[in-house]
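In: would you be able to build a 3D model of this:
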Amino acid sequence: MNQYTYQLPGNITATEKVGIINAQGEKVAYVARIYSNRLKRFLDGYFDYRYFLTYEVTNLREEPTFRITKKIRRGKLWFEAFSYAKQERYTITYENWRIGLPELAIHWSGGIIKIDKQMEGWSHFLVDDEIVARWQAVYVEQEDCFHVALQIEPSSPIQQVDFFVAISQAALFIGS
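Out: Numbering: from 1, shown residues only. From the prediction side, this is the model:
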């Protein structure tokens, strides 16, 4: 199992890059919330910093490897993601939202990965009801930050840390 950790500021408006650390204590990537321009950042304040939502993961040379953006059109909410390394697009949608129990699902050319989102404890990424990854953010009040952990199982069809970190940040940490 591959394990990663990182610490996020307690303030969701923060845009500084945060290092992602592997189990050996080595920095492997950075994650940051980004805005395409100052106007969007300013306007986002009126929407509790949850409307203009984009996260980007970069490698150690600070080249983008994965980006996810929240989209809202005609009352529908979804996330669009792109892997620069694999040149692959992903769509993250809410399934079954009309019956009151929405589930997050990642659609890609390799199939569907469901996300069992938990407010407390571990959120799970599932393929055919098998857990392939886990993500958890725990707020530490004394430090005013979130300690985040990610575990990727060897059975996961996707092993890239940037995929799981970006999607978790947008869909699980900030959310809708």
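In: for the rest of this, base every contact and every neighbour count on C-alpha atoms.
Out: Noted.
In: remind me which residues of the protein are low pLDDT?
Out: 37, 39-41, 43-52, 96-102, 172-176 (pLDDT under 70).
In: who are the packing partners of whatever helix or strand Thr65 lives in?
Out: Using DSSP states H and E, Thr65 sits within strand 64-73. Here strand 64-73 touches strand 54-58, strand 76-83, helix 161-167, going by 3 or more CA pairs under 8 Å, 6 or more residues apart in numbering; DSSP states H and E.
In: quick one, helices of the protein?
Out: For the chain, the helices defined by DSSP state H occupy 38-44, 161-167.
In: tell me where the chain has strands.
Out: 2-9, 18-22, 27-33, 54-58, 64-73, 76-83, 88-95, 103-108, 111-116, 123-127, 130-140, 145-152 (DSSP state E).
In: please identify the deepest-packed of these.
Out: Mean neighbour count (mean count of other CA atoms under 10 Å) peaks for strand 54-58 among these, with a mean of 24.
In: for it, which strands pair with it and how are they oriented?
Out: strand 27-33 (antiparallel), strand 64-73 (antiparallel) (DSSP bridges).
In: show me how far the longest one is from its chain's centre.
Out: A distance of 10 Å separates the C-alpha centroid of strand 64-73 from that of its chain, computed with CA atoms, centre = their mean, to the nearest Å.
In: ok, Glu103 touching Gln118?
Out: No. Glu103 is beyond contact range of Gln118, at 10.9 Å (criterion: CA atoms under 8 Å).
In: against Pro157, how distant is the nearest residue to Gln3 once chain neighbours are set aside?
Out: Leaving aside its sequence neighbours, Gln3 sits nearest to Gln151 (CA to CA, 6 or more residues apart in numbering; 4.5 Å). Distance, Gln151 to Pro157, by CA to CA, to the nearest Å: 14 Å.
In: ditto for Glu141
Out: In terms of CA to CA, Glu141 sits 36 Å off from Pro157.
In: looking at the two, which one has more neighbours?
Out: Ranked by neighbour count (other CA atoms under 10 Å), Glu141 and Pro157 place Pro157 first, with 13 against 9.
In: check contacts around the residue nearest to Gln3.
Out: Met1, Asn2, Gln3, Tyr4, Ala133, Arg134, Trp135 (CA atoms under 8 Å, 6 or more residues apart in numbering).
In: closest one of these to Tyr35?
Out: Trp135 (24.3 Å; CA to CA).
In: ok, and the closest non-adjacent residue to the closest one?
Out: Here the residue nearest Trp135, using CA to CA, 6+ apart, is Leu150, at 4.5 Å.
In: from Tyr6, how far off is the residue nearest to Lys17 when sequence neighbours are not counted?
Out: Counting by CA to CA, 6+ apart, Ala32 is the residue found nearest to Lys17 once chain neighbours are left out, at 4.6 Å. For Ala32, the distance to Tyr6 equals 11 Å [CA to CA].
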